[in-house]
Structure formats: C-alpha cells, structure tokens
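Undergrad: this one's structure only:
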C-alpha cells in the first residue's frame, strides 16, 4: 500500500517543480551561452545559431560590476551572519530567562519578520534620511553621530544601514530557533556544572554553546543564504547607487545596464546559483555530520 | 464506492496541470487592432483619448500604452514586443535596442506600401532623420527639443534696470559672447546678489551696470543657477552631451564610431567639470544659496519639481533645462497671474558656454565659438512602425500616422495639446510658446548641436551620473586633480559597455 501510493503523492510536486523550476533552469543555463537579448537572439534565429560559448562568462569577469557586487555581498554577509547570530542568541537567552510574558516578547521580537519586501525598505529609508540624519544623530540632533547620518549616501555606511534593517528583521526568526534549541538542553547539565563550580560565563561557553550546536548550524547557514540573496533593502535604500549593488540587484540590472544583454545577465545568474549552491551543499554536509555525532 | 487507483490519480493530476501549459500559445486575431506603445509620459492622457476617438471613427479596435512619469519602460516594452500581438507603433530615438543591427524591428518608411506615409517620411529634413547609415528613414519625429541656460528675462531687467529693448540687446550679447565674458557676467551677478551695488560688466562690447540697489524680482534671487542635484540626467545626460559633441558630430557618428574614438572625450570632459563645478557652487536655494552636500542630492530638495518651483519663484537667473519644461512651468506659474504670464512669454535660451580650445575639439568644422553660440537640439522620440507586427496591424499603423500628421484633429493634438514642434513647421518661430520660439531661432539659423549622448552604450549615462553624484555633488569642494582620473573611468566604462553589447 505504502509503495503503491508513492508515485501519485509525489507526482504533483515533481511535475510542478519540473515545469516551474527544472525546465526554466535548464533553458536558462543554455541561454547563458548565447547572444540572447530577451526578445530575440542576436546573430541568429534561435539559441543555437546565436551560440557564443563562454563569451558571456568572459564578459562578466571583464566588467568590474559583478566582482564589485560579489565583494560587497561577501562583506555584508560576514557582518550580517555575525550580527544576526549574536542578537538572536541574546534575545533567545533573554526570553528564556524571563519566566513570565515569554509569549509576548517572543511575538514582539518575531513581528518584524512578518513584514517585508520593498515597502519596509522605503519605510527605513525614510527613517534613515529624516529621523536618523536630522532629529537623532544629525549635527543639531539629540546625539550627533556622523556615522549614523546620511547612511544611504555612502558605500561603507550603507552596509550599516542594511545591517540594522536586516538584523531587526531576521533576528526574531532566528531567536525562535534558538529558544527551541535552548529548551531542549536538559537542566541536569547546568546543575552538574554548578556543582563543579562553573560560573555563568563558563556555563554558557561549556554547556549552552556546545549543546546548541545544531541550532547554531541551522541559523548560520540560513542567515548566510539569506544575506547572499538579499535584494529588497538594497533596492529601496540606495538602488545600487554609491557602488552599493549586491549580487541579486546586480543581476537584475544587467539588462538595463547593457541594453538588454540578457545572455550576460543569465551568465551572472548561473554563477550566482553556483555560489549559493556551494553554500547550501556545505550546509547539508555539515548538518548531517553533526546529526550523526549527536 | 469505486476505488481510486494510483494510475487514475496520476491521470487526474496531469489533467489538472494541463491548463497551465496551455496558456500563452493562443494567438488572438488582430486584423482590426491598432496598438500604440508610447514612451512619452507627458502626452499619456491626450494620446489615449485621441487614439480611442480614431478607433471609434474608423471601426478598429485600439490599445494604447503610456508609462507613468519617470517610470522605466524597458521591461514592459520587452514583454509587449514578444507577445503574440506586439505594438504596431512604438517610440524611441535610439537604435541601440531595436534598430537594424539589433533585432531589426523598425520599418523603413521609404518602403511603406502607404504612399502618403512615404511622402510624409520623405519630407523629414535630413538632420532630423532617424537613420543609422544610408538613406533609410525609420520614423516620424515627435517634436524638436533643445536645451541650454533658460533665462528669466524679467529678473534680468530688474537686475540691470533695463527696458524691453535694452534687455533684448543684452540677451543678444549673451547669446554671442564667449566663455570668459559669460563667466565675468555671472561673477558680477553673484557679487551683486551677495552685496547689491552698481557693478559694471562688459558683454560683447556693450557696457551693462547693475541697479544700485535691489529692486523688484532681483530681491528674490538667492543664486545664479537653479540646479537639481538629485536628478542625474541634468548633469549626466544633458551636460555630458556637450563634451560628446566635441568628439562626435551627431547620433550616427557616435553610434557607429570605433571603440577608441571615445578617447578624445578626455579633454572636453575635464573642461566640462570646471563648468559644472562653477554652476553647482552658485546654485539658488529656497532662502539662500543651495550648497553642495547631502541635502543637495536629497530626493526632495534636489528634485526636478523643486528646482522648477525655485525657477518659477525667481530664485535663480539661469536654469539649465530645455523647451520641454514649458507646460510644467506654466502649471507652476498658474496662480501668479500677470507676473507669471510675463515670465512665461519672455523666456530665452542661452548656449551652455564652454572653455574649450580648438585642440579639445575633434569634430571638423566645430570651433570653441560653435559651442558658445549653438544649443543642442534633438528629436526625443520617433513614431516607428514595428516590422514584426502583423501585416494588418502595420497597415492600420500607417493609416493612423498619416491621419495624425494630416488631419486637423491630429495636428491640433500634436501642436496645441502636446506643445510639439512639428518637423514641417520648423520655419514658424512665432507661436505662443516662448521656449519653442527660442529654440526655433537657433534651429532656423542652423545653430544646433546634436545628441550623441543618446547613442551611448547601455547604462553609461547613469554611470556618469552616479560618479558625479557620489563623488562630486555631495562634496562642498572639488579637487581639480581628480578630473583626469574621472574622465579615464568614464571613458573606460564606455568601452566596457560597448564590449558587453557586442555579439
């Protein structure tokens, strides 16, 4: 019976996945080897007549934009992964230690995650441009801090602008994973550690952190992949001005940059896929290994 | 009850999915369709009304697309062009994406079956023809646009205490003078704004002296130029077009030039930066000078609308813009009655003076004097028939264009409603639109530069704009020693984008 129903049950998912993801993906990879202009093929009537081999890939690397965006994305990702983990864990520990009103705080921290998209980015842009740059941290503001003003008009400051927004949005979600992880740690370990004379810091680093490793791995790679694919805040805050394009936005803008050279855009997308796939596969391998150990 | 077998389940799932794959393959019959894809947002409502009327009158189904103001049409255009019923008429002034070498979508009007259309196309003057090379004729011009320093003549009168005749003489002198004279003139105006007293300045051999104290509109002045720092196109597209004119004679020249031709842009570009520095450091603001810095590029106080409002309120004497602002300026002045009408009716356009030397200019026949006495003029859009639409659609499109350019209703739409200058009316500079008149005076005297900037590859203009916005417009002081490196960056980008576009 179990065997017999296997096919019908997975068929819808497999068929849909093939139609919506599989086939377009293969076509997309093929397009990246052709002089595709989105509407027509340059120099031929079909894909194969307009075949250019690795030409599009060579162009990607001859144009500084892609590598700049890659560098910017990697910098942002490193900062985001560290910041989100620290904040999420801190929130989880706080909520865990509270005892009462846990549900309220959990919901509050989680709330930003339910909002999203471009609209949120524009709200933050307003906050940065008008509240941060004048009222709060401007020269005549409550607490003049130059670093926090006009953040969306500077290559480096914008990293901070995106970071604040992204951490605010993501930390709550990651906190939920951590609170679940914390709840699974038996109190026995803490008791035993206390009896052995371990203080709070020692308990944290020698009991909590090792026991949380599975959650940390999950959060680490989720934030890694999410930061790498970040698009909306990037569009809303600077739209790539001041050399602040991240990879997703860079790929999105190639057709406009190059008068519809979709072939090059597709080549960048394939490279992007390879990078994200490498991260995800590493994640799966590491997570599997941890599971065996646990 | 009947038992459902796995095979039946699969079949029913496939049945459910079938409609998914069916869409997109049905081609609608388009025999009676006229589909116009317009990219000029300003004429959106009027065109829609006109085409609908035309459709009712001639019993054909119509469809009109126009973008919202400032929105990007590239993606929509791509989608529409690949649909089963692509637009029969579309508009652009660039060959870069849809031209003969890039997909070949434009019908050569010389080869149209419609004799009337052919005749209309052959009437387009040579310098306005849409062509890559050879004698093809790819579209009918929307209008003629030109730009330079728009002058608030009313303010000029109060500044120098001049009557109508005298101010006309000053305008003529300013149109003819060289760069250094113009600089001395703007320096004098700037000094006067800060410290009103009688200052004499010699323009083209005539002496002009400012009024001893500020009177009338001169009181409103806060700067010499009105600038919009958030609008990259004002200092990228239009400004950079001037040095480009020193390298390329016209659109076609820039479009088909060798990769290395753009190297000659370096010297003129450096000179342009000097001018840009001067203009943006003498900018007019709401209550005082508008100084460069974060607020200069702020999307509110640096916007085009805001700048237009400043110009309408006489905060600045010059505004680097074109004849296209007339309808907006008119709207901005609507509630000022007489004063507004006076300003509107007396507007003038001056050439954007450049400190070029002969050695900076590589186009034969152009001299520093050319740049100081000519203004750029171009056709911003052409009505183009899409070769890839159906024969029936192309026929409707040809009929419509003939009607548009020959019927009373069509022509009154173009001239009165849209404020367009028609290509067969270039010799009639006496309409109600002062800016069109000013432009036509240059055009009829042959004193026009071209629009090579429209032939720039990919997002080059945006790149130039970003460079200027990031590294210059936000800085109070500019370092002249950085100009050569900027020029090199910008030139390298041109070549890089040409490379990406090839094959």
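TA: In hand now; what should we look at? None of the values given here were measured: they were computed from a predicted structure.
Undergrad: now do the helices in the stretch 101-250 of chain A.
TA: With DSSP state H, counting those that start in this stretch, the ranges of helices along the stretch 101-250 of chain A come out as A:102-114, A:117-126, A:157-183, A:187-195, A:200-203, A:209-228, A:232-237, A:247-257.
Undergrad: quick check: what element follows the last one along the chain?
TA: Same thing as helix A:247-257. Next helix or strand after helix A:247-257 toward the C-terminus (DSSP states H and E): helix A:262-293.
Undergrad: before we move on, back to that, and the helices of the stretch 101-250 of chain A: which comes nearest residue A:87?
TA: Minimum separation from residue A:87 across those (CB to CB) falls at helix A:157-183, 4.2 Å. Using the backbone N, CA and C atoms, a C-beta is placed for each residue, glycine as well.
Undergrad: hmm, the closest one touching chain B?
TA: No - residues of helix A:157-183 contacting chain B under CB under 8 Å from any CB of the partner chain: none, with a closest distance of 11.1 Å.
Undergrad: and that helix, what does it pack onto?
TA: Under the contact criterion of 3 or more CB pairs under 8 Å, 6 or more residues apart in numbering or on different chains; DSSP states H and E, helix A:157-183 touches helix A:64-98, helix A:102-114, helix A:117-126, helix A:209-228, helix A:232-237.
Undergrad: buried set for the longest one?
TA: By neighbour count, with 16 or more other CB atoms under 10 Å in any protein chain shown as the criterion, the buried positions of helix A:64-98 are A:65-66, A:69-70, A:72-73, A:76-77, A:79-81, A:83-85, A:87-89, A:91-93, A:95-96.
Undergrad: counting contacts, what elements does it pack onto?
TA: Under the contact criterion of 3+ CB pairs under 8 Å, 6+ apart, helix A:64-98 touches helix A:102-114, helix A:157-183, helix A:209-228, helix A:247-257.
Undergrad: so where's the stretch 151-294 of chain A uncertain?
TA: Scanning the stretch 151-294 of chain A for pLDDT under 70 picks out the ranges A:290-294.
Undergrad: now do 80
TA: Applying pLDDT under 80 to the stretch 151-294 of chain A flags the ranges A:283-284, A:286-294.
Undergrad: need the helices and strands packed on helix A:64-98 in JSON lines with distance to residue A:151 and mean neighbour count, can you?
TA: Shown next, in JSON lines, are those (distance: least, CB to CB, whole Å; neighbours: other CB atoms under 10 Å in any protein chain shown):
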{"stretch": "helix A:102-114", "distance to residue A:151": "19", "mean neighbour count": "14"}
{"stretch": "helix A:157-183", "distance to residue A:151": "4", "mean neighbour count": "21"}
{"stretch": "helix A:209-228", "distance to residue A:151": "18", "mean neighbour count": "18"}
{"stretch": "helix A:247-257", "distance to residue A:151": "17", "mean neighbour count": "22"}
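Undergrad: which of these sits closest to residue B:407?
TA: Smallest distance to residue B:407 across the helices and strands packed on helix A:64-98 (CB to CB): 37.7 Å, for helix A:247-257.
Undergrad: and the angle for the closest one with helix A:262-293?
TA: Using axes from the mean of the first three to the mean of the last three CA atoms, to 10 degrees, the inter-axis angle of helix A:247-257 relative to helix A:262-293 is 170 degrees.
Undergrad: could you report the neighbour count for the residue in chain A that chain B sits nearest to?
TA: Residue nearest to chain B within chain A (CB to the nearest CB): residue A:8, separated by 3.8 Å. Residues near residue A:8, counting by other CB atoms under 10 Å in any protein chain shown, number 18.
Undergrad: how about residue B:206?
TA: Count around residue B:206 with other CB under 10 Å applied: 13.
Undergrad: tell me which residues touch the residue nearest to it when sequence neighbours are not counted, please.
TA: In space, and not counting its chain neighbours, residue B:206 is closest to residue B:173: 5.6 Å by CB to CB, 6 or more residues apart in numbering or on different chains. By CB atoms under 8 Å, 6 or more residues apart in numbering or on different chains, the contact list for residue B:173 reads B:203-206.
Undergrad: shaky segments in chain B?
TA: B:1-32, B:68-72, B:74, B:132-134, B:299-300, B:337, B:427-431, B:501-503.
Undergrad: helix, strand or coil for residue B:238?
TA: What DSSP: H, G, I helix; E, B strand; the rest coil gives for residue B:238 is helix.
Undergrad: contact partners for the residue nearest to it when sequence neighbours are not counted?
TA: In space, and not counting its chain neighbours, residue B:238 is closest to residue B:147: 5.8 Å by CB to CB, 6+ apart. Contact partners of residue B:147, counting by CB under 8 Å, 6+ apart, are B:238, B:320-323, B:349, B:375-376.
Undergrad: so residue B:147 bridges to which residues?
TA: Following DSSP bridges, residue B:147 is listed with bridge partners residue B:322.
Undergrad: chain A versus that one, what's the distance?
TA: The gap separating residue B:147 from chain A is 24 Å, by CB to the nearest CB, to the nearest Å.
Undergrad: then residue B:93?
TA: 14 Å.
Undergrad: what sits against the spatially closest residue to residue A:122 that is not a sequence neighbour?
TA: By the measure of CB to CB, 6+ apart, the closest residue to residue A:122 outside its immediate chain neighbours is residue A:236, 5.0 Å from it. Applying CB under 8 Å, 6+ apart to residue A:236 gives the contacts A:118, A:120-122, A:124-125.
Undergrad: at 7 Å what do you get?
TA: Going by CB atoms under 7 Å, 6 or more residues apart in numbering or on different chains, residue A:236 touches A:118, A:121-122, A:125.
Undergrad: can you map out the helices along the stretch 201-350 of chain B?
TA: Under DSSP H, counting those that start in this stretch, the stretch 201-350 of chain B gives helices at B:232-235, B:237-247, B:251-256, B:266-280, B:304-312, B:326-332, B:337-346.
Undergrad: helices or strands up against the third one?
TA: Pointing back at helix B:251-256 there. Packing partners of helix B:251-256 (3 or more CB pairs under 7 Å, 6 or more residues apart in numbering or on different chains; DSSP states H and E): none among the helices and strands.
Undergrad: reduced to three states, what does residue B:427 come out as?
TA: Classification of residue B:427 using three-state DSSP returns coil.
Undergrad: quick check on it: phi, psi?
TA: Backbone torsions of residue B:427, given as degrees, to the nearest 10, read phi -100, psi 20.
Undergrad: which ones are touching residue B:214?
TA: If you count contacts by CB under 7 Å, 6+ apart, residue B:214 has them with residue B:196.
Undergrad: the helices in the stretch 51-200 of chain B, which residues?
TA: Along the stretch 51-200 of chain B, counting by DSSP H, counting those that start in this stretch, helices occupy B:74-82, B:115-122, B:153-160, B:164-176, B:179-194.
Undergrad: now check the first one, is it near chain A?
TA: Yes - remark: helix B:74-82 sits within contact range of chain A at B:74, B:78, B:81-82, by CB under 7 Å from any CB of the partner chain.
Undergrad: just among those, which is most surrounded?
TA: Highest neighbour count within these, by other CB under 10 Å: residue B:81, with 21 neighbours.
Undergrad: middle-most residue in the chain, spatially?
TA: You didn't say which chain, so I picked chain A. Centroid check for chain A by CA atoms, centre = their mean gives residue A:226 as the closest residue, at 1.6 Å.
Undergrad: ah, I was thinking of chain B
TA: Taking CA atoms, centre = their mean, the centroid of chain B lies closest to residue B:380, which sits 5.9 Å from it.
Undergrad: please report how far the closest residue to residue B:112 other than its chain neighbours lies from chain A.
TA: Closest residue in space to residue B:112, ignoring its immediate chain neighbours: residue B:118 at 5.2 Å, by CB to CB, 6+ apart. Distance, residue B:118 to chain A, using CB to the nearest CB: 27 Å.
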